[in-house]
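>>> okay, here's the prediction I keep looking at, along with the sequence it came from:
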Amino acid sequence: MDLKYTRKNVYKEADGAELEKIYAFSEGYKKFLDGAKTERDASEQAKKLAEENGFKPFSFSEKLKAGDKRYFVNRGKNIFLIKVGKKDVAKDGVRIMVAHVDSPRLDLKPNPVFEEAGLCYLKTHYYGGIKKYQWTSIPLALHGVVMLPGGVKKDICVGEDDEDPVFYITDLLPHLAAEQSTKPMGKAVDGESLNAIIGGLPAVGDEEDKESVKTAVLTLLNKKYGITEVDFQCSELCFVPAGKARDVGFDKALIAAYGHDDKVCAYPEMKAIFDSKSDRTVVAVFADKEEVGSNGTTGMQSKVICDVIDTIANSFGVNPIEVRYNSKCISADVTAGYDPAYASSFEKRNSTFINCGAAVSKYTGARGKSSSNDADAEYMGYIRDIFDKDGVFWQTGELGAIDIGGGGTVAMFIANLGIDTVDVGVPVLSMHAPYELISKADIYSLYKACLAFCK
Ligand code: MN
Ligand code: MN
């Protein structure tokens with residue numbers, strides 16, 4: 001019996017074979033992540049992988065039976081993976097794993113194009129919690145869709161191929177930043193100055209044209225995509241950091257990438273539903289809009305999750321209320337790993353640590369646990385037992401010290417449906433930065449946690 005609790009380092013505990021599995025798992029993750037920068041990209045990737053794993057399109061009108069594997073893509077931005085098991089769904093409920101696949105970024109404004117001092121720009125409105133100064137002077141890629149009149153949809157992705165150009169937001173040179181450097185960090189770069197340069201070559205022929213660079217860029221866009229300036233009003237386009245996930249460290253123990261929050265949880269939950277041999281009915285959800293409050297048709301506050309559960313219940317002629325009441329959920333989202341460079345923002349005894357496994361957070365929230373579902377002791381006990389039984393490395397901690405800040409997850413929205421829910425995720429360093437850091441040991445631990453949960 002261990003009288004005292006000590007957090008375990010997964011890398012220290014793992015033998016050679018386990019280490020190999022940890023590193024191999026992260027290769028699949030990096031590949032997924034590079035093609036999943038936005039919720040649309042992630043949903044598309046998940047759909048493809050689901051099809052490869054024998055999943056078929058879902059219909060709210062169908063009668064599901066044991067052994068069925070279904071995917072439901074909600075408006076291209078939110079996907080449900082459904083695996084129907086042999087167990088009685090009324091008694092056993094559904095095992096639900098939810099992660100979000102939207103990440104902080106720079107959305108385009110509805111009228112984004114302008115020319116100034118010989119350069120053409122796109123104006124942005126940031127999405128989610130960012131430190132604005134981090135988005136200047138880095139390579140940016142443009143992702144999203146534009147609707148042309150008549151319902152024609154154009155997909156746009158520029159800046160990810162080696163041959164592609166990237167886009168760029170300027171910063172002020174230090175030589176002239178005497179005034180800027182006296183400002184508080186949150187005010188050093190203004191939201192309205194996050195304008196990305198998209199061109200510098202003027203159109204020729206019309207001497208009167210005061211916006212000849214804008215004319216030339218719009219001509220290019222029209223040739224390539226058939227769009228005109230007004231079409232931006234019916235678009236969802238955003239700038240994300242260009243480039244790929246990279247291993248970090250001589251030992252390659254870590255991965256830096258854009259959008260670990262929260263694809264680092266989405267990928268293991270998806271892999272777990274693919275790989276699980278469980279008799280239970282399992283649903284994995286990739287949610288949208290978490291970074292801005294989980295509202296709307298594709299966020300976790302939408303009723304769609306209930307509609308999916310109702311369809312499962314109706315298939316077996318059982319009461320959906322009973323199914324929900326007996327269901328269990330893992331809200332898989334990242335948490336802040338302890339960072340010695342910013343030690344005063346953490347409470348060391350109650351922080352999660354990189355390399356120490358899946359992070360279980362009984363509660364999240366801010367200012368006295370506000371906006372937290374606060375999982376009950378009984379459910380925490382249940383989660384501990386299933387993880388320990390399967391040798392899952394896990395740890396528990398809060399997001400930072402008290403009253404330093406805080407943050408919420410989708411956990412409360414699932415819990416509000418009467419479903420036991422707890423946050424289980426991966427500790428991240430530099431969360432919400434354009435390039436975040438996670439440990440390969442931790443993402444693999446979350447995969448094992450998800451497998452144990454489905455079992
Ligand atoms: Mn998150
Ligand atoms: Mn986040």
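That came in fine, so what should we check first? Ligands and ions are numbered 1, 2, ... in the order given.

>>> C-alpha from now on. contacts and neighbour counts both.
Will do.

>>> pLDDT weak spots in the chain?
For the chain, no stretch is flagged by pLDDT under 70.

>>> distance check, the nearest residue to residue 53 once chain neighbours are set aside against ligand 1.
Among residues not flanking residue 53 along the chain, residue 274 sits closest, at 6.6 Å (CA to CA, 6 or more residues apart in numbering). Residue 274 sits at a distance of 22 Å from ligand 1 (criterion: CA to the ion, to the nearest Å).

>>> roughly how far does residue 274 sit from residue 71?
12 Å (CA to CA, to the nearest Å).

>>> shared neighbours of those two, anything?
When contacts are counted by CA atoms under 8 Å, 6 or more residues apart in numbering, residue 274 and residue 71 are jointly contacted by residue 50.

>>> contacts only, for the residue of the stretch 101-250 of the chain found nearest ligand 1.
Residue of the stretch 101-250 of the chain nearest ligand 1, by CA to the ion: residue 103 (7.6 Å). Listed by CA under 8 Å, 6+ apart, the contact set of residue 103 reads 37, 38, 39, 128, 259, 261, 262, 291, 432.

>>> of all those residues, which comes closest to residue 63?
Of all those, residue 39 has the smallest distance to residue 63: 28.7 Å, by CA to CA.

>>> enumerate the residues of the chain near ligand 1.
By CA under 5 Å from the ion, the residues of the chain that approach ligand 1 are 261, 262, 333.

>>> just those: which are in strands?
Nothing among the residues of the chain next to ligand 1 maps onto strands, per DSSP state E.

>>> got TSV for those residues, with neighbour count too?
Shown next, in TSV, are the residues of the chain next to ligand 1 (neighbours: other CA atoms under 10 Å):
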residue	neighbour count
261	29
262	27
333	28
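
>>> can I get those in a markdown table with distance to residue 140?
A markdown table is the format used below for the residues of the chain next to ligand 1 (distance: CA to CA, whole Å):
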| residue | distance to residue 140 |
| --- | --- |
| 261 | 18 |
| 262 | 20 |
| 333 | 25 |
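
>>> mind checking how far residue 432 is from residue 202?
Distance, residue 432 to residue 202, by CA to CA: 36 Å.

>>> okay, those two: which has more neighbours?
Neighbours per residue, other CA atoms under 10 Å: of residue 432 and residue 202, the larger number sits with residue 432, 22 against 18.

>>> isn't the more buried one right up against residue 127?
No. Shown here, residue 432 and residue 127 do not form a contact pair, counting by CA atoms under 8 Å, at 10.9 Å.

>>> narrow the residues of the chain next to ligand 1 to those in helices?
Judged by DSSP state H, the residues of the chain next to ligand 1 include 261, 262 as members of helices.

>>> can you show me the strands along the stretch 101-250 of the chain?
With DSSP state E, counting those that start in this stretch applied, the stretch 101-250 of the chain shows strands at 105-116, 119-127, 140-148, 152-158, 195-199, 235-241, 246-248, listed in chain order.

>>> the first one vs strand 195-199, what angle?
Note on geometry: by axes from the mean of the first three to the mean of the last three CA atoms, to 10 degrees, strand 105-116 and strand 195-199 are set 60 degrees apart in direction.

>>> strands of the stretch 301-450 of the chain, start to end?
With DSSP E, counting those that start in this stretch, the ranges of strands along the stretch 301-450 of the chain come out as 328-331, 335-336, 358-361, 365-366, 394-396, 406-407, 420-425, 427-428, 436-439.

>>> what lies in contact with the first one?
Contacts with strand 328-331, where a contact means CA under 8 Å, 6+ apart, come from 93-99, 409-411, 414, 419-425.

>>> 10 Å instead?
For strand 328-331, contacts defined as CA atoms under 10 Å, 6 or more residues apart in numbering pick out 92-100, 265, 269, 282-285, 360-361, 379, 383, 409-415, 418-425, 449-450, 453-454.

>>> for PyMOL, write the selection for the buried entries among those.
Buried residues among these (16 or more other CA atoms under 10 Å), as a PyMOL selection:
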select buried, resi 92+93+94+95+96+97+98+99+100+265+269+282+283+284+285+360+361+383+409+410+411+412+413+414+415+418+419+420+421+422+423+424+425+449+450+453+454
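
>>> filter the contacts of strand 328-331 down to the ones in helices?
Per DSSP H, helices hold the following members of the contacts of strand 328-331: 92, 265, 269, 379, 383, 411-415, 449-450, 453-454.

>>> which of these sits closest to residue 12?
residue 449 (18.5 Å).
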